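Peer 1: please work out how this folds:
(2 chains)
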Amino acid sequence: KQEVTQIPAALSVPEGENLVLNCSFTDSAIYNLQWFRQDPGKGLTSLLLIQSSQREQTSGRLNASLDKSSGRSTLYIAASQPGDSATYLCAVTGTGNQFYFGTGTSLTVIP
Amino acid sequence: DGGITQSPKYLFRKEGQNVTLSCEQNLNHDAMYWYRQDPGQGLRLIYYSQIVNDFQKGDIAEGYSVSREKKESFPLTVTSAQKNPTAFYLCASSMQVNTEAFFGQGTRLTVV
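Peer 2: Next up is the predicted model:
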């Protein structure tokens, strides 16, 4: 069964800093990897989707990379802002017809 | 507005009662999912449906039931057989299974 791990579980940075969130998965036979943002008590908002044939995707200040062979993805956030404070989740899909989620990284950006 | 609507946002029920959570999407997606989220744990799949009139059990289906009579609707019933039903429930949809997923705002169920 696919296992997804996100490290660190929590991260606190000063405003303006660039940061990297990590996601690792045990089975490299994936179709897609998706990064989400979740605000407290809310649903998930899709940030970026990387297909298995791609190496990275960019959206504004966000850049996600995928190294399928090593089972790793990173989400890079440039020039962090207090509004970026949230929990960030990664999920992978594969032959199991479902999304396997990590437990998330809780990010706090300090003004 | 296109999206996924879950209702209600908060739900309180007495132990032993069945309760149904609503999920509606107007994205014309074939696949729909129900996940459960508990503090400190990742999202866990309850049921998913690839197409109308078809659905499959996920990792934690015991004590839950679903139906998919219409493409846009995928209601989840939490039965009295579910031993620990208090949780945050999230509905999602995607064009097809294993494509980009979109989530609703969730329903927080509290059973007392």
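Peer 1: how about stretch A:3-14 and chain B, any contact?
Peer 2: Yes. Using Cβ under 8 Å from any Cβ of the partner chain, we find that stretch A:3-14 touches chain B at A:Val4. To be clear about C-beta, it is placed using only N, CA and C from the backbone, and glycine gets the same treatment.
Peer 1: what residues does chain B have near chain A?
Peer 2: B:4, B:6, B:33, B:35, B:40-43, B:45, B:48, B:50, B:56, B:58-59, B:88, B:90, B:92, B:97-106, B:108.
Peer 1: B:Thr5 and B:Leu21: what is the separation?
Peer 2: 11 Å (Cβ to Cβ, to the nearest Å).
Peer 1: who's more crowded, these two?
Peer 2: When neighbours are counted by other Cβ atoms under 10 Å in any protein chain shown, B:Thr5 and B:Leu21 differ, and B:Leu21 comes out ahead with 23 against 14.
Peer 1: centre of the chain to the strand or helix carrying that one, how far?
Peer 2: In the assignment (DSSP states H and E), B:Leu21 maps to strand B:19-25. From the chain centre to the centre of strand B:19-25 is a distance of 7 Å (Cα atoms, centre = their mean, to the nearest Å).
Peer 1: what is the mean pLDDT for that strand?
Peer 2: What strand B:19-25 shows for mean pLDDT is 97.
Peer 1: identify all contacting residues around the helix or strand that that strand is followed by.
Peer 2: Moving toward the C-terminus from strand B:19-25, the next helix or strand (DSSP H and E) is strand B:31-37. The set of residues external to strand B:31-37 that reach it, using Cβ atoms under 8 Å, 6 or more residues apart in numbering or on different chains, is A:98-99, A:101, B:21, B:23, B:25, B:43-51, B:58, B:60, B:64, B:66, B:68, B:74, B:76, B:87-97, B:99, B:101, B:106.
Peer 1: for the residue nearest the centre of chain B, list each beta-bridge partner.
Peer 2: Note on chain B: the residue nearest the mean C-alpha position is B:Trp34, at 3.1 Å, using Cα atoms, centre = their mean. Beta-bridge partners of B:Trp34, counted by DSSP bridges, are B:Tyr47, B:Cys91.
Peer 1: how close does it sit to B:Thr107?
Peer 2: Distance of B:Trp34 to B:Thr107, given as Cβ to Cβ: 10 Å.
Peer 1: what do those two both touch?
Peer 2: B:Leu21, B:Tyr89.
Peer 1: many thanks, we can stop here.
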